[in-house]
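Trainee: need coordinates for the following:
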Amino acid sequence: MTIDLELPDWLSRIGVFDLETTGVDVTSDRIVTAHVGVLDAKGRQIAARSWVADPGISIPDAAAAVHGITTEHARSNGRAAREVVAEVTDSLRALLAQGMPVVAYNASYDFSLLTHECLRHGIRPLESPGPIIDPLVIDKAVDRYRKGKRTLEVVASHYQVPLDGAHEAAADAIAAGRVALAIARNYPLAATADELHTQQISWARAQAESLTEYFIRIGRLDAEESLDGAWPVRDATAR
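Mentor: Presented below is the predicted three-dimensional model:
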């Protein structure tokens, strides 16, 4: 891609956030590793913190195969889950309190799972977190008809963003931030981070509705089922 738009001022610094977990169910799965950092407008990391947690449950082999953290490693090297959840939440709260947008790829997964972890451990969750930037939602909106998968690895490659060590929380968080910056250099975005946040709420809902229709058509969902399009935190009662 050759377009090189000037970045809006509100992208001069961005937070980045990613979780690696025991599985994909936001209500019952647990945090294994986490990363919260800050990038400048050139995508350079200027602040960062990473965590390894002992989730308190066994890490399934399938999950360990993705992120490389086994149950034994987490128990030997991880900190108490409650401490990690509290510190990750506090770090994000501090960035958002500054008005800094936080980038998370497929944000409704990470923020929803973090919310349930907070509730599980008696920690005050983030309340209506924002502004959030979700490159997955934005990319689907600005380049709706591009064929192919929209995993972070594929989308990063599309925007010529290197991703070394995929499914490692720090690598994924940083790559997601750089993808967000690349999208902003290729497509005109909203005038403010808050305005973009509001747009993504509508985009995510519409994308979920479209995907629901497709899944029903191919038999992956029953006609009465639907995907939850709430963003950036999913409805705990929805599928």
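Trainee: distance check, Val24 against Arg30.
Mentor: As defined by CB to CB, to the nearest Å, Val24 lies at a distance of 12 Å from Arg30. Yep, even glycine has a C-beta here, placed from its N, CA and C like the rest.
Trainee: and for Val36?
Mentor: 17 Å.
Trainee: those two - which one has more neighbours?
Mentor: Val36 (27 against 24; other CB atoms under 10 Å).
Trainee: what strand or helix carries the closest residue to Ala190 other than its chain neighbours?
Mentor: Distance criterion CB to CB, 6 or more residues apart in numbering; nearest residue to Ala190, sequence neighbours excluded, is Leu196 at 4.0 Å. Assigned by DSSP states H and E, Leu196 falls within helix 193-218.
Trainee: which stretches of the protein form helices?
Mentor: 61-67, 71-77, 81-97, 107-120, 135-142, 152-158, 169-186, 193-218 (DSSP state H).
Trainee: neighbours around Ala191, how many?
Mentor: By the criterion of other CB under 10 Å, Ala191 has 11 neighbours.
Trainee: for it, list the residues it contacts.
Mentor: Pro8 (CB atoms under 8 Å, 6 or more residues apart in numbering).
Trainee: run a quick neighbour tally on the closest residue to Ile216 other than its chain neighbours.
Mentor: Of all residues not flanking Ile216 in the chain, Ala223 sits nearest, at 5.7 Å (CB to CB, 6+ apart). Ala223: 6 surrounding residues under other CB under 10 Å.
Trainee: so what's Ala223 scoring on pLDDT?
Mentor: We have a pLDDT of 92 for Ala223.
Trainee: kindly report the same for Leu136.
Mentor: According to the prediction, Leu136 has pLDDT 98.
Trainee: nearest residue to it other than its sequence neighbours?
Mentor: Leu136 sits nearest to Asn106 (CB to CB, 6+ apart), 4.9 Å away.
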